[in-house]
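Asks: take a look and give me a structure for this.
(2 chains, ligands or ions: 5)
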Amino acid sequence: MSKLLEIEKLSISFSQYFKGLEQRELKVLSDLTMDVDDHEILAVLGSSGSGKSLLAHAILGILPSNAKVSGSIRYKGKEMDDELKEELRGNKISFIPQSVNNLNPLMKVKEQAIGYIKDEKDKEKIIKKQREIFNQYNLSEEVDEMYPFQLSGGMARKVLISTALLNDPEIIIADEPTPGLDEEAVKETINNLVELKEKGIGMILITHDINTAIETSDRIAILYLGYVIEITDTKNFSGEGEKLLHPYTRSLYRALPETYFELTEGHQPSYQNIPKGCPYHENCSRQIRECHYELPELREVNGTIIRCFNPLGEGD
Amino acid sequence: MYLNANNISFSYRKNKPILKNISISIPDNKVIGLMGDSGSGKSTLCKVISGYLNNYTGTITIDNELIDKTGYCPAQLIFQHPEKTMNPKWKMHKVLSESWNPPQELKDTFGLKEGWMNRWPSELSGGELQRFSILRALNPNTKFIIADEISTMLDTVTQVQIWDSLIDYCKKNKIGILAVSHDKELLEVIADNIVLFNDINKL
Ligand SMILES: Nc1ncnc2c1ncn2[C@@H]1O[C@H](COP(=O)(O)OP(=O)(O)OP(=O)(O)O)[C@@H](O)[C@H]1O
Ligand SMILES: Nc1ncnc2c1ncn2[C@@H]1O[C@H](COP(=O)(O)OP(=O)(O)O)[C@@H](O)[C@H]1O
Ligand code: SF4
Ligand SMILES: [Mg+2]
Ligand SMILES: [Mg+2]
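Replies: Ligands and ions are numbered 1, 2, ... in the order given. Presented below is the predicted three-dimensional model:
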């Protein structure tokens, strides 16, 4: 195994005009550090609005132009500047976007799946492959000729997945590949992801679908308010969640309908006033004094990486 | 009060029926769960019930009266993809106030932040947008909520909160809910009854 992608202290911020006049910095991703090996799926879970899609967009180099980025992203040890990002995007690094708006509304499905190809010989090959992959997902030839508005939500999702698989990528960044898919299609996707991993692909799987994360990934990273708060072995997402150390991670697990559908009060605070201290302290039942003043650093506890002063134990 | 869809048939193209003789009944004090394969026509049924598609056959009644197709539809649809239902050229305050101005308390319940109001839809995350569409649909004239996979883009903690608040609000205000989802476990905890789409679609 070797490191395919290393992200170190990545921060992203936006300048926003507040009440029309005052300009403020919104820091939406803070000092994010994580890495992915080949033959590995790293799942990324997190509260909605915690910065997951922006992380994906940063790796691909498709952030909006008013975004300020600092920190480092390396592909096989090489620093990724804008040029390298553009070169890898859609080739070595494939993207499955979250929004179905990423499909071009004016282009037929097949045309946009295969993209622009100069060489006629290559074109035949790609078309053949496109059909194979579409068949795997039960997308009939009729679908090739459809426009995006004619697709159901699940079908649009399948088109996005199949398109990402066409170029033999080394790295896949998948932003929510499964919502809207029925049980059968989710299973198909899970098998596909695992198969890709076995072939050597490294993947960042951004998802709210914890079951898919459990069935496919090796490690799970959890984001909250732009911070990584825990990176843990996937096998710890089991039982009562007693091996999950961060209070928010455990809440996520215990909120699953399959476990307790447990209600945790409190919303993620606004980026306009990120609280001092631990980003989770306003909603945390385990807060102690320092949680209010100091930002906990990422540290290792029993093989888990965690950002918390007072982590849960197995008995809690 | 009941919303009744009776013998609904619909097709986008000739000779390719999507919905056939579907009947479903939603009481104003219950959550009815609806499950089915992707592409089978659940969203199409949702659109028919909430007045987005008109060339269907069959009837839709509330307490045995046909829904007035010209006015505000008392059955409000919340879509699976909130980004598709918002004018990208409108800021969020306009997106919301076009429907109504919900009280602060309700905004707090659903975790809607004041700071989001002045942004464009493209500047919010999927989950943040979905809270707008939920609140937008809770206009006082709404009698039924048609929820088409509304929580698949939410983290599990938010999913519990949203369903908890939505069901609480709807039970108090006598609003019935049709909840479409692929997540069987979710429907088992939120719905009073679960209907399988293939059982009601007489294709
Ligand atoms: N262009 C932008 N300008 C300002 N803020 C933005 C912009 N794009 C995103 N944000 C904010 O950054 C935060 C992170 O957004 P992001 O889309 O990465 O969330 P996410 O973790 O993918 O959420 P979800 O699970 O709901 O998709 C959100 O609070 C969002 O409102
Ligand atoms: N605007 C449209 N024009 C033509 N066909 C459509 C349109 N919208 C949906 N369809 C087709 O109708 C079928 C049902 O779609 P939909 O109701 O979205 O399914 P579900 O919600 O159950 O996944 C699908 O085969 C889809 O391709
Ligand atoms: S650092 Fe403190 S407030 Fe933050 S999660 Fe840990 S115990 Fe809770
Ligand atoms: Mg996202
Ligand atoms: Mg649908």
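Asks: contacts only, for B:Asp155.
Replies: Neighbour list for B:Asp155: A:45-48, A:50, A:208, A:252, B:127 [criterion: C-beta atoms under 8 Å, 6 or more residues apart in numbering or on different chains]. C-beta here means a position set from N, CA and C on the backbone, and glycine is covered the same way.
Asks: restrict those to those near ligand 1?
Replies: Residues shared between these and the neighbourhood of ligand 1 are A:46, A:48, A:50, B:127 [C-beta under 6 Å from any ligand atom].
Asks: tabulate those in CSV, adding columns for distance to ligand 3.
Replies: Listed next are the ones next to ligand 1 among the contacts of B:Asp155 as CSV, based on distance: C-beta to the nearest ligand atom, whole Å:
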residue, distance to ligand 3
A:Gly46, 14
A:Ser48, 19
A:Ser50, 14
B:Gly127, 21
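Asks: need these in JSON lines (columns: distance to B:Phe79 and pLDDT).
Replies: What follows is the ones next to ligand 1 among the contacts of B:Asp155, written out as JSON lines (distance: C-beta to C-beta, whole Å; pLDDT from 0 to 100):
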{"residue": "A:Gly46", "distance to B:Phe79": "23", "pLDDT": "95"}
{"residue": "A:Ser48", "distance to B:Phe79": "16", "pLDDT": "87"}
{"residue": "A:Ser50", "distance to B:Phe79": "23", "pLDDT": "94"}
{"residue": "B:Gly127", "distance to B:Phe79": "14", "pLDDT": "85"}
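Asks: now intersect those residues with the helices, please.
Replies: Among these, DSSP state H puts B:Gly127 in helices.
Asks: which of the ones next to ligand 1 among the contacts of B:Asp155 are buried?
Replies: A:46, A:48, A:50, B:127 (16 or more other C-beta atoms under 10 Å in any protein chain shown).
Asks: among those residues, which ones are in strands?
Replies: A:Gly46 (DSSP state E).
Asks: and residue 166, what does it touch?
Replies: In the absence of a named chain, this looks at chain A. Listed by C-beta under 8 Å, 6+ apart, the contact set of A:Leu166 reads A:113-115, A:126, A:129-130, A:133.
Asks: oops, chain B please
Replies: B:134, B:145, B:147, B:177.
Asks: OK, contacts around the third one?
Replies: Translated: B:Ala147. So B:Ala147 contacts B:78, B:166, B:177-180 (C-beta under 8 Å, 6+ apart).
Asks: which pair in those residues spans the largest distance?
Replies: Greatest spacing in the contacts of B:Ala147, by C-beta to C-beta: B:Leu166 and B:Val180 (13.9 Å).
Asks: ok, and the closest non-adjacent residue to the residue in the stretch 151-300 of chain A that chain B sits nearest to?
Replies: Using C-beta to the nearest C-beta, the single residue of the stretch 151-300 of chain A nearest to chain B is A:Gly154, 2.7 Å away. Excluding the flanking residues, the one nearest A:Gly154 by C-beta to C-beta, 6 or more residues apart in numbering or on different chains is B:Ser38, at 2.7 Å.
Asks: ditto for B:Cys73
Replies: Nearest to B:Cys73 is B:Gly51, by C-beta to C-beta, 6+ apart, at 4.0 Å.
Asks: which other residues reach the helix or strand of chain A with the lowest mean pLDDT?
Replies: Scoring the helices and strands of chain A by mean pLDDT, DSSP states H and E places helix A:153-165 at the bottom, with a mean of 86. Residues from elsewhere that reach helix A:153-165 (C-beta under 8 Å, 6+ apart): A:94-97, A:100, A:102-103, A:109, A:112-113, A:130, A:133-134, A:136-139, A:143, A:148, A:151, A:172, A:174, A:177-182, A:185, A:189, A:192, A:196, B:38-39, B:43, B:80-81, B:149.
Asks: which residues in the chain form helices?
Replies: Reading this off chain A. Ranges of helices within chain A are A:52-60, A:82-88, A:109-114, A:120-136, A:141-144, A:153-165, A:183-198, A:210-216, A:247-254, based on DSSP H.
Asks: not what I meant, chain B
Replies: Along chain B, the segments classed as helices by DSSP H run B:42-49, B:92-97, B:104-109, B:126-137, B:156-172, B:184-190, B:197-200.
Asks: got those helices as JSON lines, with distance to ligand 4 columns?
Replies: As requested, the helices of chain B are exported to JSON lines (distance: least, C-beta to the ion, whole Å):
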{"stretch": "helix B:42-49", "distance to ligand 4": "21"}
{"stretch": "helix B:92-97", "distance to ligand 4": "17"}
{"stretch": "helix B:104-109", "distance to ligand 4": "22"}
{"stretch": "helix B:126-137", "distance to ligand 4": "5"}
{"stretch": "helix B:156-172", "distance to ligand 4": "13"}
{"stretch": "helix B:184-190", "distance to ligand 4": "20"}
{"stretch": "helix B:197-200", "distance to ligand 4": "28"}
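Asks: quick one, which of those is nearest to A:Gly226?
Replies: When those are compared for distance to A:Gly226 using C-beta to C-beta, the nearest one is helix B:126-137, at 13.8 Å.
Asks: relative to helix A:52-60, how tilted is the closest one?
Replies: In terms of direction (axes from the mean of the first three to the mean of the last three C-alpha atoms, to 10 degrees), helix B:126-137 departs from helix A:52-60 by 140 degrees.
Asks: which parts of chain A sit against ligand 2?
Replies: For chain A, the residues in contact with ligand 2 (C-beta under 6 Å from any ligand atom) are A:149-155.
Asks: ok so, going back, of the contacts of B:Ala147, which belong to strands?
Replies: B:78, B:177-180.
Asks: before we move on, back to that, most neighbours, which of the contacts of A:Leu166?
Replies: Taking other C-beta atoms under 10 Å in any protein chain shown as the neighbour criterion, A:Ala113 ranks highest of the contacts of A:Leu166 with 26 neighbours.
Asks: so what's the residue count around the nearest residue to that residue once chain neighbours are set aside?
Replies: Take A:Ala113 and drop its neighbours on the chain: the residue closest to it by C-beta to C-beta, 6+ apart is A:Thr163, 4.5 Å away. By other C-beta under 10 Å, 24 other residues sit near A:Thr163.
Asks: so for A:Gly20, what's the pLDDT?
Replies: The model reports A:Gly20 with a pLDDT of 64.
Asks: return the residues of the stretch 101-250 of chain A in contact with chain B.
Replies: Proximity of the stretch 101-250 of chain A to chain B, by C-beta under 8 Å from any C-beta of the partner chain, involves residues A:101, A:150, A:152-155, A:176, A:179-186, A:208-210, A:248.
Asks: from these, which would you call buried?
Replies: Among those, those buried by neighbour count (16+ other C-beta under 10 Å) are A:152-155, A:176, A:179-182, A:185-186, A:208-210, A:248.
Asks: so which of those comes closest to ligand 4?
Replies: Of all these, ligand 4 sits closest to A:Glu176, with 6.5 Å by C-beta to the ion.
Asks: hang on, isn't that closest one packed against A:Val100?
Replies: No: using C-beta atoms under 8 Å as the test, A:Glu176 is too far from A:Val100 to be in contact (10.3 Å).
Asks: need the residues of chain A near ligand 4, please.
Replies: A:53, A:98 (C-beta under 5 Å from the ion).
Asks: can you pull out the low-pLDDT segments for chain A?
Replies: Low-confidence segments of chain A (pLDDT under 70): A:18-20.
Asks: taking the centroid of it, which residue is nearest it?
Replies: A:Ile206 (2.2 Å; C-alpha atoms, centre = their mean).
Asks: and it, bridged to which residues?
Replies: Note on A:Ile206: beta-bridge partners by DSSP bridges are A:Val44, A:Asp175.
Asks: list the contacts of it.
Replies: By C-beta under 8 Å, 6+ apart, A:Ile206 lies in contact with A:43-44, A:52-53, A:55-56, A:98, A:173-176.
Asks: wait, which of the contacts of B:Ala147 is closest to A:Arg307?
Replies: B:Leu166 (31.9 Å).
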